[in-house]
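Asker: structure of the sequence below:
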Amino acid sequence: MSLLLGVNVDHVATLRQARYALQPDSPNAEPNPLVACRAAQAGGADSITIHVRGDRRHMQEHDAIEIREKCALPLNLEMGNTPEMLALALKLVPDFVCLVPETREEVTTEGGLDVCGQAEATKKTVGLLQDAGIRVSLFIDPEAVQIEAAARTEAEMVELHTGAFANAFGVAEKHELAQLQAGAQQAHALGLQVNAGHGLNYENLIRFLAVPHLTELNVGHSIVARSVLVGFEHAVREMRNLMANYPTSCSS
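Answerer: As a prediction, this is how the structure comes out:
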């Protein structure tokens, strides 16, 4: 099976908010995340990822509703484990939910979810989402204790946080890659679907494809940045083409 691409369109909304933060639903507000979703589909995306944050810094609830209703691709909703976001997820009923850590101070999601420290609350939310027919992923660092804890929640998937790899170079990058390889092996052995994302781009992706057992990558900022120069559909297609280099033997 070929490696799947989930395109995160959050930063399309970030660009819109730069001018239309007070009127994000204005007919003049641009760019429109829904239009980007359709371009992503044309470029070969397999799913769309969005993150409605508590502070609404980019995606708004009306964006999520519009994308769910009008985009044909499966929807992956990233969300903090809060009553507000659980209510939104149960209203939207996306195909997937990825539980992520969230603080107001961060620029973007930094680090994985502490499943070990929030085991009871995480498992409860996983169960509520699954009862609604939603498959659940946990965004975690590639650490053995977190992967073991994720399996105990009975979530179907983990998304390995690739930020440390993306920000490392030389020997440090090799170390982070080895951590991800070991984490993917462990998660796969525990019966978890292995996804990955955060900071992957057109340059580091080739080296990252040495990680085994991957099902889907979620890429956002790099595609949005590239689209400024070449257009959204083309930027997605370029990423899709790079991912075609994933060895078939790695996905088994």
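Asker: against residue 15, how distant is residue 187?
Answerer: Counting by C-beta to C-beta, to the nearest Å, the gap from residue 187 to residue 15 is 34 Å. Quick note: C-beta positions are derived from backbone N, CA and C, even for glycine.
Asker: so those two - more neighbours on which side?
Answerer: Neighbour count, other C-beta atoms under 10 Å: between residue 187 and residue 15, residue 187 has more, with 26 against 16.
Asker: quick one: contacts of the helix or strand containing the more buried one?
Answerer: Taking DSSP states H and E as the criterion, residue 187 maps to helix 171-189. For helix 171-189, contacts defined as C-beta atoms under 8 Å, 6 or more residues apart in numbering pick out 142-144, 147-148, 150-151, 158, 160, 162, 164-165, 168, 194, 196, 204, 207-208, 210-214.
Asker: hmm, 10 Å instead?
Answerer: 140-144, 146-148, 150-151, 157-169, 192-196, 204, 207-208, 210-215, 250, 252 (C-beta atoms under 10 Å, 6 or more residues apart in numbering).
Asker: now intersect these with the helices, please.
Answerer: Taking DSSP state H as the definition of helices, the contacts of helix 171-189 contribute 144, 146, 147, 148, 150, 151, 163, 164, 165, 166, 207, 208.
Asker: what residue lies at the spatial centre of the chain?
Answerer: residue 218 (4.4 Å; C-alpha atoms, centre = their mean).
Asker: give me phi/psi at that residue?
Answerer: phi -110, psi 120 (degrees, to the nearest 10).
Asker: what sits closest to it if chain neighbours are left out?
Answerer: residue 197 (3.5 Å; C-beta to C-beta, 6 or more residues apart in numbering).
Asker: burial measure for the spatially closest residue to residue 247 that is not a sequence neighbour, as a count.
Answerer: Nearest residue to residue 247, sequence neighbours excluded (C-beta to C-beta, 6+ apart): residue 209, at 7.3 Å. As a burial measure, residue 209 scores 18 neighbours (other C-beta under 10 Å).
Asker: for residue 154, same thing?
Answerer: 11.
Asker: and residue 29, its phi and psi?
Answerer: phi -70, psi 130.
Asker: what pLDDT does it get?
Answerer: Reported pLDDT at residue 29 in the predicted model: 93.
Asker: surely it touches residue 19?
Answerer: Yes. Taking contacts as C-beta atoms under 10 Å, residue 29 lies within contact range of residue 19: 7.9 Å.
Asker: and the two? Which one has more around it.
Answerer: A count of neighbours by other C-beta under 10 Å puts residue 29 above the other of residue 29 and residue 19, at 16 against 13.
Asker: list the residues that contact the closest residue to that one other than its chain neighbours.
Answerer: Closest residue to residue 29 apart from its sequence neighbours, by C-beta to C-beta, 6+ apart: residue 20 at 4.0 Å. By C-beta under 10 Å, 6+ apart, the contact list for residue 20 reads 13, 26, 28, 29, 30.
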